[in-house]
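[1] Please work out how this folds:
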Amino acid sequence: MPATDLDLLIHAARLAGETALKYSGPQAKSWDKPGDLGPVTEADLAVNDVLHRELLGARPDYGWLSEESEDGSTRLDQEKLFIVDPIDGTRSFIEGSNAWAHSIAVAQGGEITAAVVLLPAKDRLYAAAKGQGTTLNGTQVGVTAREGVSGASVLSARPNYAPEHWIDGVVPDVKRVYRPSLAYRLSLVAQGRFDAMLTLRDSWEWDIAAGALILTEAGAKVTDMHGAPLRFNNAHPQVKGVVAAGPTLHADLSKRLVSTQQTG
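    This is a model prediction of the structure:
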């Protein structure tokens, strides 16, 4: 049995990657979830089964929260739980792109303590444990040292640049970049490839749990859109968006956001 939670997550992620790569995204069976919750494929469910078997088989006393499993209230009473997105970026997977990821985390008392984001089609494994830093394929990584918003590279979707989100309607002059997987966006900022990541819509815990710790351990400040710390294992498993960057850049971004100033 893997010695630590992080060892277990890495082991399970590798098996998940092997499973997902057996499917061709464009040819895999897919359908839309009820309630306009987006697409799912047979690969998502196969990966979910592998992760459920490997993770809970090794830690049967942990709770379970996955995008592809029916949720319940039991996890709320468990001190530790797994938070899993079997394939983050399912639309990208269906299109045959390689920018999709497995996102796996352990939460304890509302905080993430171990995390892995694996992009099997790119052979990139981001990993972090609380207090131990962040690695990409075993090499330590960290966020950029950029301090000011102007000219910063920001991973974000187009709706986040709507003027109503910004003080006096002034949208900052940034280099706009996009990737389909939230977990991948968070990890790329942790790697130092881009300066910041921003999403101003409610975000599912399974999309961001692993990436939040990977970023924090890489030296970033990570909050919700109101500037509050992220907490996990909520009864309704969402948080109020994500703002993530090095501490100084995070402060500059936050002071420009209407949502932060309204509640700060």
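
[2] Spatially nearest residue to residue 13, not counting backbone neighbours?
    Distances taken as CB to CB, 6 or more residues apart in numbering put residue 118 closest to residue 13, at 4.2 Å, once the chain neighbours are dropped. (Glycine included, C-beta is placed from N, CA and C.)

[3] nope, residue 40 is what I meant
    Nearest-residue entry for residue 40: residue 33, 5.5 Å, with adjacent residues in sequence omitted and distances by CB to CB, 6+ apart.

[4] What of residue 206?
    Of all residues not flanking residue 206 in the chain, residue 85 sits nearest, at 4.0 Å (CB to CB, 6+ apart).

[5] Spit out the contact partners of the one you found.
    Contact analysis of residue 85 by CB atoms under 8 Å, 6 or more residues apart in numbering lists 66, 67, 101, 102, 103, 104, 183, 204, 206, 207.

[6] Rebuild the residues you listed as JSON lines, extending it with distance to residue 114 and neighbour count.
    Formatted as JSON lines, those follow (distance: CB to CB, whole Å; neighbours: other CB atoms under 10 Å):
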{"residue": "66", "distance to residue 114": "16", "neighbour count": "21"}
{"residue": "67", "distance to residue 114": "19", "neighbour count": "24"}
{"residue": "101", "distance to residue 114": "16", "neighbour count": "39"}
{"residue": "102", "distance to residue 114": "14", "neighbour count": "30"}
{"residue": "103", "distance to residue 114": "12", "neighbour count": "31"}
{"residue": "104", "distance to residue 114": "9", "neighbour count": "30"}
{"residue": "183", "distance to residue 114": "15", "neighbour count": "32"}
{"residue": "204", "distance to residue 114": "19", "neighbour count": "18"}
{"residue": "206", "distance to residue 114": "15", "neighbour count": "26"}
{"residue": "207", "distance to residue 114": "17", "neighbour count": "26"}
